[in-house]
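*Asks:* only geometry, no sequence info:
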């Protein structure tokens, strides 16, 4: 019997069960029928973040950013490319700290951009500062 993973839909935030052996196939949400993986970062608010970090079996790579932040805007294309390469083994998301100030405060986000890696609902690594695609991928690999 194959093990299954809980994967949260990036569109409607429904929790889906996906056979681990079929993760590379992607799949679609059982509720909204949208693809579970799009190869790009998912924009999350506080509620969406809570659902993804708390209910998904996938590691969660988060870019905490703000629209007024120059280094955040500079890193955005590299983060998007990292998302394309890391999915479906990771859920790659962006959290706007201007819109999710409570979450940023609770997590102690003091500078942006800040990358954080969550596994099993817990933060396992954090890195402040802009990185290129290779740097992001190496950082994820070193902390996985």
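*Replies:* Noted; the coordinates are in hand. Keep in mind that what you see is a predicted model, and the values were worked out from it rather than measured.
*Asks:* Residue 79 belongs to a helix?
*Replies:* Yes. Counting by DSSP: H, G, I helix; E, B strand; the rest coil, residue 79 is part of a helix.
*Asks:* And it, how close does it get to residue 130?
*Replies:* 9 Å (C-beta to C-beta, to the nearest Å). Placement of C-beta: from N, CA and C, glycine included.
*Asks:* and those two? which has more neighbours close in?
*Replies:* When residue 79 is set against residue 130 and neighbours are counted by other C-beta atoms under 10 Å, the residue ahead is residue 79, at 25 against 21.
*Asks:* pLDDT score for the nearest residue to that one once chain neighbours are set aside?
*Replies:* With sequence-adjacent residues excluded and distances taken as C-beta to C-beta, 6 or more residues apart in numbering, residue 79 is closest to residue 63, at 5.2 Å. As predicted, residue 63 sits at a pLDDT of 98.
*Asks:* So what's the residue count around residue 80?
*Replies:* Neighbours of residue 80 using other C-beta under 10 Å come to 16.
*Asks:* Now for it: which residues touch it?
*Replies:* Residues in contact with residue 80 (C-beta atoms under 8 Å, 6 or more residues apart in numbering) are 40, 41.
*Asks:* what's the answer for residue 113, then?
*Replies:* 63, 64, 65, 69, 71, 72, 75, 128, 129, 130.
*Asks:* Relative to residue 95, which of those residues is nearest.
*Replies:* residue 64 (5.3 Å; C-beta to C-beta).
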